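Novice: got a predicted structure here, sequence first:
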Amino acid sequence: MNKKVLLGMSGGVDSSVSAILLQKQGYEVIGATMQLYDNSKKMNCSKEEKSEEAQNEQIDADDSSITDAKKVCEKLGIEHHVIDLREEFQKRVINHFICSYACAKTPNPCVECNKYMKFQAFYKIAQELGCDYIATGHYAKIEYSEKYKQYVLTKSKADKKDQTYFLYGIEKEILPHILFPLAEFTEKEEIRKIAEENRLGVAKKKDSQEVCFIPDNDYVGFLEHHQALERGCVNQSYQKGKIVLTSGEVLGEHNGLIHYTIGQRRGLGIAYKEPLYVIRLDSDKNEVVVGTEKELYSTDLEAEELNFLLNIDLTKPIEVQAKVRYRAKATEAILMLEDKKNDGYNRENVSKVEKDASENEEKKINKSVQKNKIAKVTFKEPQRAVTPGQSVVFYLGDVVLGGGKIR
């Protein structure tokens, strides 16, 4: 009897070709498209309301994903399901996104979506359907490691498209039940060629580039429309405040912390004798702190909400390669774990997602999470624009050790 796999299908070429590859490998494939948000509502409206035509374009984009996935499944002769995860997505991803900005952090919603939607909720559904595995079209690889005596997440062969940075939040217990059919491919054109050879209508479909629930990429308009105060978060980040140098000298006024991110140079609206960049966002004082490019670099960081995928001793400092953003190069660093202390960090300002889950619930959600630890990371080379809210991911060669959120 063939092993059964539930494949996440977005209606794109990667997941569609994944279905073909899995069938060729002898799996019984079931396709499933997750309905994550409701585009029939105005997901994003700035001060000037979007036109009816623009709203319809957003709705069509959402519907087309389901329609395209369904057509591919019909052509390949496999089941297709639409899974309604809108409520969970709102709670775990969208609310987290809104509240992070309200707390002067820059979130990465793809990390949250992968952790809670694509590899947690999806796996539970797969079990209910009697599936042995789940699969997605991510560029990553899972294999059994003799060195670590366990299944490990490793980089794919497509180095520039490798997506392991976004996947560190997966709980290690389900790694043996995940398949990544695209792990051995190096070029996107190889994927499109397979789609064309099989006459799939999505062969030339463009890749999605923006945050899925903000199709026009207008983050500020989205945030202003949703008003984080409604989610129980601090709303000061929407108010005007001072722009100051690292020395404390006042240079001007900002329009609200949600308009800025670490490393930003353009759009500051201030004049100075040399180029200035956003160095940090001070939510306590509601200040945008700016400085020279040299001041953007740092040699260390702290991270929390840690998740580790390897069963190795982390009680002592360990040499790793670490990435502070998706496009960054993994850099040599020393990782050390310490107990989390009451250091004045304002837990009242964290996202509602964290408040919704008790520690016991979190343990059930992800046994790999180190809730009472923080990671202290020291880089051998200074890193540019280390940004609170983004993820730092640790590697041992090509193997993902784990990661966490930068404080």
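Specialist: Cool, the structure landed. These numbers come from a predicted model, not from an experiment. Residues are numbered from 1 along each chain as shown.
Novice: break the protein into its domains for me.
Specialist: For the chain, automatic domain parsing gives the domain ranges 4-197, 238-292, 296-406.
Novice: can you put the ones you listed in CSV and add mean pLDDT, distance to Ala203 and mean neighbour count?
Specialist: For the C-beta atoms, the positions are set from N, CA and C on the backbone; glycine is no exception. Converted to CSV, these look like this (pLDDT from 0 to 100; distance: least, C-beta to C-beta, whole Å; neighbours: other C-beta atoms under 10 Å):
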stretch, mean pLDDT, distance to Ala203, mean neighbour count
domain 4-197, 90, 4, 19
domain 238-292, 96, 36, 16
domain 296-406, 84, 26, 17
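Novice: which one, of these, ends up nearest to His225?
Specialist: His225 sits nearest to domain 4-197 of all these, at 4.7 Å, using C-beta to C-beta.
Novice: span of that closest one from start to end?
Specialist: Using C-alpha to C-alpha, to the nearest Å, one end of domain 4-197 lies 25 Å from the other.
Novice: please enumerate the strands of the stretch 101-250 of the chain.
Specialist: If DSSP state E, counting those that start in this stretch is used as the criterion, the strands of the stretch 101-250 of the chain fall at 133-135, 141-145, 150-154, 178-179, 241-245, 250-254.
Novice: among these, which comes closest to Phe379?
Specialist: With C-beta to C-beta, the closest approach to Phe379 among those belongs to strand 150-154: 22.5 Å.
Novice: tell me what the closest one is packed against?
Specialist: Applying 3 or more C-beta pairs under 8 Å, 6 or more residues apart in numbering; DSSP states H and E, one finds that strand 150-154 contacts strand 141-145, strand 399-406.
Novice: what packs against the last one?
Specialist: Where contact means 3+ C-beta pairs under 8 Å, 6+ apart, strand 399-406 is packed against strand 150-154, strand 297-308, strand 391-396.
Novice: state the distance from the residue of the chain most remote from its centre to Ile243.
Specialist: Note on the chain: the largest C-alpha distance from the chain mean falls to Lys273, namely 37.4 Å (C-alpha atoms, centre = their mean). According to C-beta to C-beta, to the nearest Å, Lys273 stands 15 Å off from Ile243.
Novice: and Ile30, by the same measure?
Specialist: Counting by C-beta to C-beta - Ile30 and Ile243 are separated by 54 Å.
Novice: for Lys75, same thing?
Specialist: Going from Lys75 to Ile243 by C-beta to C-beta gives 56 Å.
Novice: what does Phe213 give?
Specialist: In terms of C-beta to C-beta, Phe213 sits 30 Å off from Ile243.
Novice: what's the answer for Leu76, then?
Specialist: 56 Å.
Novice: helix/strand/coil for Asp284?
Specialist: What DSSP: H, G, I helix; E, B strand; the rest coil gives for Asp284 is coil.
Novice: where does it fall, phi/psi-wise?
Specialist: As for Asp284, its main-chain torsions (degrees, to the nearest 10) stand at phi -70, psi -40.
Novice: just Glu171 next, same as before
Specialist: Dihedral pair for Glu171: phi -80, psi 140, per degrees, to the nearest 10.
Novice: cool, Glu295 as well?
Specialist: phi -70, psi -10.
Novice: surely it touches Thr246?
Specialist: Yes - the pair Glu295 / Thr246 is scored as a contact, 6.0 Å apart, by C-beta atoms under 8 Å.
Novice: which residues do these two both contact?
Specialist: Residues touching both Glu295 and Thr246 by C-beta atoms under 8 Å, 6 or more residues apart in numbering: Ile279.
Novice: how about the helices of the stretch 201-350 of the chain, start to end?
Specialist: Remark: helices assigned in the stretch 201-350 of the chain by DSSP state H, counting those that start in this stretch are 219-226.
Novice: out of everything not next to it in sequence, what's closest to Ser64?
Specialist: Nearest non-adjacent residue to Ser64, counting by C-beta to C-beta, 6 or more residues apart in numbering: Gly11, 6.4 Å away.
Novice: run through the residues that contact the one you found.
Specialist: Gly11 touches 33, 64-69, 72, 202, 205, counting by C-beta under 8 Å, 6+ apart.
Novice: what of Thr136?
Specialist: Neighbours of Thr136 in contact, by C-beta under 8 Å, 6+ apart: 7-8, 15, 18, 118, 178, 180.
Novice: what do you get if the cut-off is 6 Å, keeping everything else the same?
Specialist: Thr136 is in contact with Gly8, counting by C-beta atoms under 6 Å, 6 or more residues apart in numbering.
Novice: likewise for Ala385?
Specialist: Listed by C-beta under 6 Å, 6+ apart, the contact set of Ala385 reads 262-263, 296.
Novice: Asp162 now?
Specialist: By C-beta under 6 Å, 6+ apart, the residues touching Asp162 are 139, 155-156.
Novice: what strand or helix carries Ile98?
Specialist: According to DSSP states H and E, Ile98 maps onto helix 95-102.
Novice: what packs against that helix?
Specialist: With contacts defined as 3 or more C-beta pairs under 6 Å, 6 or more residues apart in numbering; DSSP states H and E, the packing partners of helix 95-102 are helix 352-356.
Novice: measure Lys147 to Ala183 for me?
Specialist: Going from Lys147 to Ala183 by C-beta to C-beta gives 18 Å.
Novice: again, but for Leu6
Specialist: 18 Å.
Novice: could you do Val288 as well?
Specialist: In this view, Val288 and Ala183 are 42 Å apart by C-beta to C-beta.
Novice: show residues contacting stretch 173-189.
Specialist: Applying C-beta under 6 Å, 6+ apart, the contact partners of stretch 173-189 are 18, 21-22, 123, 133-135, 137-142, 151, 156-158.
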